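K.L.:
The sequence and its predicted three-dimensional model are supplied below.
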Amino acid sequence: MRFDVRLFALYRERAGASVVSVDVPEGSSVGDLTAAVRSDYPRLAPPEVRIVVAVNAEYADDDLPLHPGDEVCLIPPVSGGHSPKPV
Amino acid sequence: MRFDVRLFALYRERAGASVVSVDVPEGSSVGDLTAAVRSDYPRLAPPEVRIVVAVNAEYADDDLPLHPGDEVCLIPPVSGGHSPKPV
Amino acid sequence: MIVLTEKPLDPVAVTDSVRKDGNGAVVTFLGTTRDNFGGKSVTRLEYEAYDVMAVKKLEEVRASLCADYSIEDVAIAHRTGRVDVGQISLIVAVASPHRVEAFEACHEAVNRIKTIVPIWKKEWFADGSRWVACEDHEFADEAEHRHAHAARHAVTTGD
Amino acid sequence: MIVLTEKPLDPVAVTDSVRKDGNGAVVTFLGTTRDNFGGKSVTRLEYEAYDVMAVKKLEEVRASLCADYSIEDVAIAHRTGRVDVGQISLIVAVASPHRVEAFEACHEAVNRIKTIVPIWKKEWFADGSRWVACEDHEFADEAEHRHAHAARHAVTTGD
């Protein structure tokens, strides 16, 4: 499956692009996708930091399965100083 | 000493006047003055309720001595629901 | 800015008076005339002030807030006289570098105003009026009269 | 009312959108660009949003506040793009019958917005910029570089 992953703010600047394409096998999860992006762009975030992901405009856990056509975005920390999490 | 005591809100309405005159002996205190006003206007406040007084635009204790020319006002409870007291 | 006036209040002017480039947060409180109290319909409010002392006490509230909180400025405007439903009777604006202090100080400002400033509020209903916060001033015979009235009212309306 | 826009925000419109006759209290928060951070002079801020999700999350904040507090309405407006010193980036207005709930809900609304809404803030200084809240994303070699820079700066300025 091929995804055009949208990057914002810090991630956009570090990748030098607001969209990066990534290929992952059928049945891949959010965690598989971020691993692939991080492999292509090792300077996106230090290895010990989790990258938060939104799928179809909703925060997604790493084990969420992806489907072709999903809109995937990488979400850097928001300005309140905490990692985004549901209310 | 003769004072023109200003009344506001509930006290003004109950006395039917925004100023009432009262005579108290030399050396009288705030408490002496309110006792005299209450004697003239028994329906101002129930006997068990303290009447708060301002002298020269400042909250005054009952034992404060009065001097000729002092501006004396009777202060009903303010809208916050508590008796007025200093910050 | 401290304002005590019979005229309609201007929230923009009050808020703008505290805004400065060193502040990241401005919290503004508007107190407005609510159309009901305790299940009864309120038609208007009426505020009466001991003007000279009220302005002095509003200044004291402002100074005490600036002393007690890490804030830049406080502005207060209070209206007197008749204030119809939906209209503004009180504005408090607090500016601070940080939002926590701005929220806390603004709330505390309103509490202090309602505790120490000699301004009285009368609620007008369709069938009468009452001075707010004066419950402790009710005479025993007034209470009896009120209860008898309530009982008659309950009989006639059947509730 | 939920607004996400690159244009200057209008506090009056946001506050007025929540005012109703049943409310006695309206609390409005303005977040403005502060001219300093950590002792450094800030020249401007820049906000970037994931628009579709940001609007959805702002709606969620609004709905969650109305569910969690005895309030009548919440309005939120957030600006994106460049916001100069003194200008407004965020407005939250909460209306409630009573002031305690209005203050608490407005403060909590700001906290929730800054926790879950995908909008990012960049601070611009005379000598650079930084994305706020991304400290945990600093690489070890970046930290070394920053410390070396600070050390050189200390030598040249003699402080």
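P.N.:
Done, it's in.

K.L.:
Please make it C-alpha for all contacts and neighbour counts, starting now.
P.N.:
Fine.

K.L.:
now stretch C:78-85, how far from the chain's geometric center?
P.N.:
How far stretch C:78-85 lies from its chain's middle: 10 Å, per CA atoms, centre = their mean, to the nearest Å.

K.L.:
Contacts for it next, please.
P.N.:
Residues from elsewhere that reach stretch C:78-85, judged by CA atoms under 8 Å, 6 or more residues apart in numbering or on different chains: C:3-9, C:32-35, C:42-49, C:88-91, D:21.

K.L.:
Name the residues of that stretch that come out as buried.
P.N.:
Under the neighbour-count criterion of 16 or more other CA atoms under 10 Å in any protein chain shown, stretch C:78-85 has C:78-85 buried.

K.L.:
how many neighbours does C:Lys40 have?
P.N.:
By the measure other CA atoms under 10 Å in any protein chain shown, the count of residues near C:Lys40 is 12.

K.L.:
ok, what's across the strand from the residue nearest to it when sequence neighbours are not counted?
P.N.:
Among residues not flanking C:Lys40 along the chain, C:Phe125 sits closest, at 7.1 Å (CA to CA, 6 or more residues apart in numbering or on different chains). Beta-bridge partners for C:Phe125, by DSSP bridges, are C:Val42, C:Gly128.

K.L.:
which SS state does C:Glu142 fall under?
P.N.:
The three-state assignment at C:Glu142 reads helix, by DSSP: H, G, I helix; E, B strand; the rest coil.

K.L.:
Now for it, how many residues are close by?
P.N.:
Quick note: C:Glu142 (other CA under 10 Å) scores 11 neighbours.

K.L.:
again with A:Arg43
P.N.:
15.

K.L.:
quick one: secondary structure of the residue nearest to it when sequence neighbours are not counted?
P.N.:
Excluding the flanking residues, the one nearest A:Arg43 by CA to CA, 6+ apart is A:Arg14, at 6.8 Å. Put simply, A:Arg14 is helix when judged by three-state DSSP.

K.L.:
Quick check, A:Arg14 in contact with A:Leu44.
P.N.:
Yes. Counting by CA atoms under 8 Å, A:Arg14 touches A:Leu44, with 5.8 Å between them.

K.L.:
Please say which of the two ends up with more neighbours.
P.N.:
A:Leu44 (21 against 16).

K.L.:
quick one: what helix or strand has that one in it?
P.N.:
A:Leu44 is part of no helix or strand, with elements assigned from DSSP states H and E.

K.L.:
which intervals of chain A have sub-threshold pLDDT?
P.N.:
A:80-87 (pLDDT under 70).

K.L.:
What count of nearby residues applies to the residue of chain C at minimum distance from chain A?
P.N.:
Of the residues in chain C, the one nearest chain A is C:Arg99, at a distance of 11.7 Å by CA to the nearest CA. By other CA under 10 Å, the residues close to C:Arg99 number 23.

K.L.:
again with the one 3 residues further on
P.N.:
A count of nearby residues for C:Ala102, using other CA under 10 Å, gives 29.

K.L.:
Kindly report the same for C:Asp68.
P.N.:
Summarising burial for C:Asp68: neighbours were counted as other CA under 10 Å, giving 9.

K.L.:
Could you tell me the phi and psi values at it?
P.N.:
Dihedral pair for C:Asp68: phi -90, psi -20, per degrees, to the nearest 10.

K.L.:
So A:Val20 belongs to a strand, correct?
P.N.:
Yes. Assigned with three-state DSSP, A:Val20 falls within a strand.

K.L.:
Count the residues that sit near it.
P.N.:
Neighbours around A:Val20, by other CA under 10 Å: 17.

K.L.:
all strands of chain A, in order?
P.N.:
Counting by DSSP state E, chain A has strands at residues A:2-7, A:19-23, A:52-55, A:58-60, A:72-75.

K.L.:
Tell me which of the ones you listed is the most buried.
P.N.:
strand A:72-75 (a mean of 23; mean count of other CA atoms under 10 Å in any protein chain shown).

K.L.:
Spell out whether that strand and chain D are in contact.
P.N.:
Yes. Using CA under 8 Å from any CA of the partner chain, strand A:72-75 reaches chain D at A:Ile75.

K.L.:
strands paired with that strand, and their directions?
P.N.:
strand A:2-7 (parallel), strand A:52-55 (antiparallel).

K.L.:
Report the separation between the closest residue to C:Tyr50 other than its chain neighbours and B:Tyr41.
P.N.:
Excluding the flanking residues, the one nearest C:Tyr50 by CA to CA, 6+ apart is C:Pro118, at 5.8 Å. Separation of C:Pro118 from B:Tyr41 (CA to CA, to the nearest Å): 22 Å.

K.L.:
So for the two, which sits in the more crowded spot?
P.N.:
Each of C:Pro118 and B:Tyr41 has its neighbours counted (other CA under 10 Å); C:Pro118 has more, 28 against 14.

K.L.:
which residues does the more buried one contact?
P.N.:
Counted by CA under 8 Å, 6+ apart, C:Pro118 has contacts B:75, B:78, B:84, C:49-50, C:53-54, C:57.

K.L.:
Over to C:Pro8?
P.N.:
C:79, C:87-88.

K.L.:
any idea whether it is helix, strand or coil?
P.N.:
Counting by three-state DSSP, the backbone at C:Pro8 sits in coil.

K.L.:
before we move on, the earlier item: tell me the pLDDT of the residue of chain C closest to chain A.
P.N.:
We have a pLDDT of 94 for C:Arg99.

K.L.:
Distance to C:Asp141 added to the strands of chain A, as JSON lines?
P.N.:
Listed next are the strands of chain A as JSON lines, based on distance: least, CA to CA, whole Å:
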{"stretch": "strand A:2-7", "distance to C:Asp141": "74"}
{"stretch": "strand A:19-23", "distance to C:Asp141": "79"}
{"stretch": "strand A:52-55", "distance to C:Asp141": "68"}
{"stretch": "strand A:58-60", "distance to C:Asp141": "64"}
{"stretch": "strand A:72-75", "distance to C:Asp141": "69"}
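
K.L.:
rewinding a little: from chain B, how far out is the residue nearest to A:Arg43?
P.N.:
Plainly put, A:Arg14 is 54 Å away from chain B if you go by CA to the nearest CA, to the nearest Å.

K.L.:
before we move on, what about A:Ala17?
P.N.:
Applying CA to the nearest CA to A:Ala17 and chain B gives a distance of 58 Å.

K.L.:
Many thanks, I have nothing further to ask.
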